[in-house]
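A.B. asks: Here is a sequence together with a model predicted from it:
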Amino acid sequence: MVPEVATVTVTQQQVVLTAELPGRTSPFRVAEIRPQGNGVILIRLFTEGTDVLAGQELYQIDPAPFQAALDNAQAALGRVEANLPTIRARAGRYQELLSDNAVSQQDYDDVAAALNQAKADLQFYKATLQSARINLNYTQVVSPISGRIGRSTVTDGAIVTAYQPMALATIQQLDPIYVDVPQSTTELLRLQRRLADGRLTHDGTNQNTAQLILEDGTKYPLEGTLKFRDISVDPTTASVILRMVFPNPEGILLPGMFIRTLVKEGVNEQAILIPQQSVSRDPKGNPVALIVDASGNAQQRMLTLDRAIGDQWLVTAGLAPGDRVIVEGLQRVRPGVPVKEVPLTADGKPSAPPAQPSQPAPKSN
């Protein structure tokens with residue numbers, strides 16, 4: 001009896017190819033908070049683990065010594081400003097008297113030098129006042145960015161120094177958030193060759209978008225954007241880093257989280273897809289498929305597979321449009337034997353069930 005098989009006819013179709021790459025999240029911006037002045041922490045003004053805004057005050061350093069320095073600079077500046085008009089007027093009178101030879105040249109030179117000294121003192125104490133004002137402002141340690149602040153490394157009463165190595169706290173901006181994905185140079189070169197050969201095109205689609213799959217296997221609902229591909233290859237892993245930016249309004253993504261990304265590579269205009277169940281392996285592990293030739297006989301074809309797309313294989317060599325690939329009934333078929341072909345329906349089932357051998361009628365007693 002000729003075995004029945006279900007087949008699909010090979011056609012070419014347009015397929016958007018994606019690559020699934022592992023990666024990790026990292027903060028969009030990081031700010032390590034360090035004091036810019038010496039002093040004692042009077043009070044911490046934030047709650048650990050909460051969101052803070054740019055410009056929000058985080059710590060208050062004791063301002064008393066800085067206020068005293070500011071007052072001293074203001075007093076010195078006031079003294080110079082009070083003396084300057086008198087010295088300027090004296091210099092003017094001496095200049096008039098010098099023309100009448102009423103004063104000596106030396107007396108005039110002394111007054112002119114005193115005037116220049118007073119002007120220089122005025123600029124010096126203005127700068128001193130500005131410096132004292134800046135140092136007083138540094139007693140208010142504020143956040144340079146908006147983000148989520150971590151734990152504080154100091155408590156009220158701690159002594160801190162300007163630009164100390166240990167940060168008081170760290171702020172991380174998590175919305176948006178970076179996703180850094182390594183891509184092997186082998187895959188990168190293969191992709192470039194496919195684009196150069198015309199096997200892949202961009203076809204006007206946005207190749208800069210990407211999607212995420214979280215650690216628990218769920219799909220992240222928001223799309224990200226590919227920002228750039230690093231130009232340096234990591235010699236230890238032979239890979240380059242793809243940096244993407246994803247919106248994170250709900251705070252689902254946290255720094256250091258392991259994720260998988262789906263990155264668009266391009267569009268294959270003449271892709272050949274066949275069901276995975278139609279592909280088997282020979283003793284050497286090579287992929288093979290059975291087709292029905294023009295004579296109605298089963299023939300074996302050696303295949304070259306690119307990747308799995310859903311429940312199908314993307315075939316790059318071994319099949320041509322119009323080939324009829326056997327999907328059901330492979331166990332009953334050997335290469336070279338005639339078969340009876342039944343096309344698959346849209347739901348992936350044979351249009352008619354394979355014929356069953358007739359059973360002999362039971363004998364009557």
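C.D. replies: That came in fine, so what should we check first?

A.B. asks: Now residue 36. Nearest residue, chain neighbours left out?
C.D. replies: residue 138 (4.3 Å; C-beta to C-beta, 6 or more residues apart in numbering). Yep, even glycine has a C-beta here, placed from its N, CA and C like the rest.

A.B. asks: no wait, residue 252
C.D. replies: Once flanking residues are discounted, residue 252 sits nearest to residue 220: 7.1 Å by C-beta to C-beta, 6+ apart.

A.B. asks: Contact partners for that neighbour?
C.D. replies: Contact analysis of residue 220 by C-beta atoms under 8 Å, 6 or more residues apart in numbering lists 211-214, 246, 252-253, 259.

A.B. asks: So for the lengthiest helix in the chain, what gets flagged as buried?
C.D. replies: Ranked by residue count and defined by DSSP state H, the top helix of the chain is helix 64-99. Buried residues in helix 64-99, defined by neighbour count with 16 or more other C-beta atoms under 10 Å: 65-66, 69-70, 73, 77, 80, 87, 91, 94, 98.

A.B. asks: so which of the residues you listed would you say is closest to residue 185?
C.D. replies: residue 66 (55.3 Å; C-beta to C-beta).

A.B. asks: Hmm, that closest one is touching residue 135, no?
C.D. replies: Yes - the criterion here is C-beta atoms under 8 Å, and residue 66 meets it with residue 135 at 4.9 Å.

A.B. asks: Kindly point out which residues are neighbours of both of these two.
C.D. replies: Common neighbours of residue 66 and residue 135 (C-beta under 8 Å, 6+ apart) are residue 37.

A.B. asks: Next SSE downstream of the lowest-mean-pLDDT helix or strand in the chain?
C.D. replies: Least confident helix or strand of the chain, by mean pLDDT, DSSP states H and E, is helix 185-197 with a mean of 70. Proceeding N to C from helix 185-197, the next assigned helix or strand is strand 209-213, under DSSP states H and E.

A.B. asks: quick one, helices of the stretch 1-150 of the chain?
C.D. replies: Secondary structure of the stretch 1-150 of the chain (DSSP state H, counting those that start in this stretch): helices at 64-99, 105-137.

A.B. asks: by contact count, what packs against the longest one?
C.D. replies: The contact analysis (3 or more C-beta pairs under 8 Å, 6 or more residues apart in numbering; DSSP states H and E) places helix 64-99 against helix 105-137.

A.B. asks: Buried residues in the longest strand belonging to the chain, which are they?
C.D. replies: Assignment by DSSP state E gives strand 12-33 as the longest strand of the chain. In terms of neighbour count (16+ other C-beta under 10 Å), strand 12-33 has its buried residues at 15, 17-19, 21, 23, 25-28, 31, 33.

A.B. asks: want to throw those residues into CSV with pLDDT?
C.D. replies: CSV is the format used below for these (pLDDT from 0 to 100):
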residue, pLDDT
15, 83
17, 77
18, 78
19, 78
21, 85
23, 90
25, 93
26, 93
27, 94
28, 93
31, 95
33, 95
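
A.B. asks: Show me which pair in those residues is furthest apart.
C.D. replies: Maximum distance among the buried residues of strand 12-33 (C-beta to C-beta): 50.0 Å, for 15 and 33.

A.B. asks: If I look at the nearest residue to residue 229 once chain neighbours are set aside, what pLDDT would I see?
C.D. replies: Excluding the flanking residues, the one nearest residue 229 by C-beta to C-beta, 6+ apart is residue 242, at 5.4 Å. With respect to pLDDT, residue 242 scores 84.

A.B. asks: separation between residue 242 and residue 235?
C.D. replies: Distance, residue 242 to residue 235, by C-beta to C-beta, to the nearest Å: 18 Å.

A.B. asks: out of those two, which sits in the more crowded spot?
C.D. replies: residue 242 (22 against 7; other C-beta atoms under 10 Å).

A.B. asks: Quick one: residues contacting the more buried one.
C.D. replies: Shown in contact with residue 242 (C-beta under 8 Å, 6+ apart): 21, 23, 180-183, 226, 228-230, 263.

A.B. asks: how does it look with 7 Å?
C.D. replies: Each residue near residue 242 by C-beta atoms under 7 Å, 6 or more residues apart in numbering is listed here: 181, 183, 226, 229, 263.

A.B. asks: Kindly report the same for residue 289.
C.D. replies: 274, 278-279, 301, 303, 325.

A.B. asks: let's see it at 8 Å
C.D. replies: Counting by C-beta under 8 Å, 6+ apart, residue 289 has contacts 274, 278-280, 300-301, 303, 318-319, 325-326.

A.B. asks: Check the contact between residue 176 and residue 244; I expect there is one.
C.D. replies: No - using C-beta under 8 Å, residue 176 makes no contact with residue 244, being 9.7 Å away.

A.B. asks: So between these two, which is more surrounded?
C.D. replies: Under the criterion of other C-beta under 10 Å, the comparison of residue 176 against residue 244 puts residue 244 first, with 25 against 19.

A.B. asks: Can you give me every residue that contacts the most centrally placed residue in the chain?
C.D. replies: With distances taken as C-alpha atoms, centre = their mean, residue 178 lies nearest the centre of the chain, 2.5 Å away. By C-beta under 8 Å, 6+ apart, the contact set of residue 178 is 25-28, 243-245.

A.B. asks: Let's see that with 10 Å instead.
C.D. replies: Residue 178 sits next to 23-29, 224, 227, 243-246, 248, 253, 255 when contact means C-beta atoms under 10 Å, 6 or more residues apart in numbering.

A.B. asks: Can you tell me which of the residues you listed is nearest residue 145?
C.D. replies: residue 29 (5.4 Å).
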